[in-house]
Structure formats: C-alpha cells, structure tokens
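**Q** dropping a prediction and its sequence here:
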Amino acid sequence: MCRISSPINRIFILQVIFSCSLLFGCNKDVKEERVTQDSTPPAIKQEAFNESDPLPSWNDGKIKDSIISFVKLVTKEGPSFVKEEDRIAVFDNDGTLWVEQPTYSQVAFAINKVSLDHPEWKNREPFKSLMQGNMELLDKGGELAVMEIVMDTHAGMTTEEFEQEVLAWTTTAKHPRFDKPYTECVYQPMLELLTYLRTNGFKTFIVSGGGIEFMRPWSQKVYGVSPEQVIGSSIKTKYEVKDGMPELFRQRKIDFIDDKAGKPEGINSHIGKRPIAAFGNSDGDFQMLEWTTKGKGPTLGVIVHHDDAEREWAYDRKSPVGKLDKALNAASNNGWFVVSMKDDWKKIFSWDK
C-alpha cells in the first residue's frame, strides 16, 4: 500500500472578524432573465499540459514528487497497476478546490437570497447571527445547519428554478476579500492536479458536504467535472405535474447529508467503487480519507492545510468553518499527505503573481 506523509508546522488560528457587508459581498442586481450554464464565469484556464512538469504551480520537493510517483505507480504495468475503470479519485470541494472562508459559498448564496427576497428575515435566526459574522452555529450544526439554511431560502421551487438562481448568483456574486467571482477563487494547483489525474485515466469526482444541486450547474465549467460525477448533500424533491408540465419541486426535507461518515456512504451509493485517491481539508473528510486509504492496493490520501494567511487564510483546529483537528492528528499514522499551502504551492490562484 502506498502511504505518503509529511511533517507540517503547527499553527494557530487567525480569527477573521468582519462586517455583514464584508462577509456577503454579493452584487444584488441579479437579473431575472434565464441564465444558462454558458453564463457561468469561465474556469481558470490552464497552460498547455506539460508532461515533464504536470504540476507547475506546485513547488518541487517530496510532496509533489510523491504525488507524481503515485500516479506513475498505478498507471505502469506491474504489480501495482490499477485498471482505468478503477482509478477513482474523490475531492472535497469547500476548502479543497475553492475558498471556504470567511464562510461557505452556499451560505453566502442563501444569505443573498434573504437580502433580496426576504429582508424581513434579517432579524430572524440563524440569519441574524450569520449576517453579523457569527459562524459558531455552522461549527455546531455542521452540514445539517447549512442544508437547513438552504431549505429555508430555496424550498418550494422547482429544481430548474433553483439551478437558474445558482447560475445567476455565480455570474454576479464576488468574494468579499478577493473581489472576484467565487468561481475564480479556485486553487490553481488543484486544477492542475485534476487535469493530471484525468490525463492518466482517472475519473475525478467531487464529494462535498455542500448541496449537490448547488454544485452541479457550474462544476463542468469550473473543474471539468461533469454533473453526474458530483456527490453532495441533498433535500427531497417531489414529482408533480402542473399545467401539463412535469416538474420536480424542492421540499423542506433533508434527503442526505454528505459529510463525515456520509461521504463513504455517498461514494458507495453514487459510484459503487472504493476510490484509490482522496483529497480533503477538514475533519468532515476524515472518514472519506480513512475509507479510501485502507482499501486494497496502492492508495493516496491528501489533506490541504490552510496555513497561508498572506495569500489566503491560516486556520485549522478551532475554526468554525473548515475545522481541521482530528484528521490532522491522524495524518501521520495513516500516511496521509499534508500539503502546506504556504510551502508547497507556488501560487494559490491563477491570478497570483
């Protein structure tokens, strides 16, 4: 079994204090007309794939070399060769593929809905606390709390209407710190990794605690991951025919929470195979990493550690958003590869200098 680990520097949390306007810096002039997937901000364009250096935004060293060695190990004929149909790689989304601070993007999306359509809810919990920058309830409630917020704001509409709202938001909302669309606040090194794996016959899946219907409208354009390869939390839908048209209506009922132990369960339900590579950044990914790396044959487990306050954020054990504690403690014993954003990435975003 291929196990890779790396020592890391222990860091303290930078607590981010911010105002409502900083936290949810969204453009409120969301147009009502229909939005198509082509209207989604374009994914970060990668340079032409270079076989001699498939990960140009990664610093040279043990971590980069070990990832490349793993891919070569499972794709070269020999005792560790893995057939293409079994080369499954799963990626968490928030904090692993794109920014999750100062709050999860889907929470910002839901709060934007409150600001636009339900201003009377601004003094109602949990929206009042969230709009004041209090993220503690997310830490206590986990993805269930996030899904309940989304249900409050987006239940009762059709799945198509919800998709249109997601696409409209992604064309206008900008991250409060970086002043760029959320779909451009994605990690360039991870985009290169996705491309590198797919070039070598891997199927790449997103396995996120975020809403499955929130991610699917833009996952292809941003990550090159098709909607059917996205696994996430979901609410129940109900089939109804209105005015002769069949529709699926979103209910205010939880269907599935794709977090912690739910991630291996979701992978088994959607994919039907155990992955050989898993990438996460928080305790919510612990079971996915554990289940993947304890499988037969060569495996790879990777944790993205946010330790770069200058270029992004530095947080782990005490953060209410993207808490990394249990998984960080277990990384060495399990052979999980801990990536330092500060030390292992030349750039974090495509627009970094």
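**A** Structure received. Note that the coordinates shown come from a computational prediction; the quantities given were computed from them, not determined experimentally.

**Q** OK, contacts around the spatially most central residue of the chain?
**A** For the chain, the residue lying nearest the average C-alpha position, counting by C-alpha atoms, centre = their mean, turns out to be N93 (1.0 Å). The contact partners of N93, by C-beta atoms under 8 Å, 6 or more residues apart in numbering, come to I206, S208, G210, M215, G232. Glycine gets a C-beta too; all of them are placed from N, C-alpha and C.

**Q** hmm, 10 Å instead?
**A** Applying C-beta atoms under 10 Å, 6 or more residues apart in numbering, we find N93 in contact with 100, 104-106, 186, 206-210, 214-215, 219, 222-223, 225, 230-232, 280-281.

**Q** in strands, which of these appear?
**A** Among these, the members found in strands (DSSP state E) are I206, V207, S208, G209, G210, V230, I231, G232, G280.

**Q** before we move on, the earlier item: skip the chain neighbours and tell me the closest residue to the residue nearest to the centre of the chain.
**A** S208 (3.7 Å; C-beta to C-beta, 6 or more residues apart in numbering).

**Q** name the element F178 belongs to?
**A** Using DSSP states H and E, no element contains F178; it sits outside every helix and strand.

**Q** the closest residue to it other than its chain neighbours and G61, how far apart?
**A** Spatial nearest neighbour of F178, excluding adjacent residues (C-beta to C-beta, 6+ apart): C185 at 5.7 Å. Relative to G61, C185 is positioned 25 Å away (C-beta to C-beta, to the nearest Å).

**Q** again with D139
**A** 33 Å.

**Q** go on, D343?
**A** D343 is 8 Å from G61, where distance means C-beta to C-beta.

**Q** same thing with E184?
**A** Computed as C-beta to C-beta, the E184 to G61 distance reads 27 Å.

**Q** of these two, which one has the most company?
**A** E184 (19 against 11; other C-beta atoms under 10 Å).

**Q** quick check: that one touching V222?
**A** Yes: counting by C-beta atoms under 10 Å, V222 is a contact partner of E184 at 8.7 Å.

**Q** how far is the strand or helix carrying K72 from where the chain is centred?
**A** Using DSSP H and E, K72 maps to helix 62-75. Averaged C-alpha coordinates place helix 62-75 at 23 Å from its chain's average position (C-alpha atoms, centre = their mean, to the nearest Å).

**Q** adjacent strands (with direction) for the next helix or strand along the chain from it?
**A** Following helix 62-75 in sequence order, the next helix or strand is strand 88-91 (DSSP H and E). Strand pairing for strand 88-91, using DSSP bridges, gives strand 203-211 (parallel), strand 277-280 (parallel).

**Q** okay, the ones you listed, which one's buried deepest?
**A** strand 277-280 (a mean of 29; mean count of other C-beta atoms under 10 Å).

**Q** A173 against S105, yeah?
**A** Yes: if you go by C-beta under 10 Å, A173 and S105 touch, sitting 8.2 Å apart.

**Q** and the gap between S66 and T153?
**A** From S66 to T153 the distance is 43 Å (C-beta to C-beta).

**Q** stretch 243-251 - what's its average pLDDT?
**A** For stretch 243-251, mean pLDDT rounds to 96.

**Q** quick one: buried residues of that stretch?
**A** Using 16 or more other C-beta atoms under 10 Å as the test for burial, stretch 243-251 gives E247, F249, R250.

**Q** what about the closest residue to F70 other than its chain neighbours, how many residues nearby?
**A** The shortest distance from F70 to any non-neighbouring residue, by C-beta to C-beta, 6+ apart, is to L300 (4.9 Å). Using other C-beta under 10 Å, L300 is surrounded by 27 other residues.

**Q** cool, T158 as well?
**A** 16.

**Q** ok, now which ones touch it?
**A** Neighbour list for T158: Q164, T237, E240, K242, M245, E247, L248, F249, R250 [criterion: C-beta under 10 Å, 6+ apart].

**Q** so in terms of bridging, what pairs with it?
**A** For T158, the beta-bridge partners are F249 (DSSP bridges).

**Q** now it: how far from I149?
**A** From T158 across to I149, the span is 20 Å (C-beta to C-beta).

**Q** for L324, same thing?
**A** Distance from L324 to I149, counting by C-beta to C-beta: 22 Å.

**Q** same check on F81?
**A** 46 Å.

**Q** who's more crowded, the two?
**A** Taking neighbours as other C-beta under 10 Å, F81 and I149 compare with I149 leading, 24 against 13.

**Q** and the closest residue to the more buried one other than its chain neighbours, what does it touch?
**A** Distance criterion C-beta to C-beta, 6+ apart; nearest residue to I149, sequence neighbours excluded, is A110 at 4.9 Å. Contact partners of A110, counting by C-beta under 10 Å, 6+ apart, are 24, 104, 127, 130, 146-154, 169, 211, 214.
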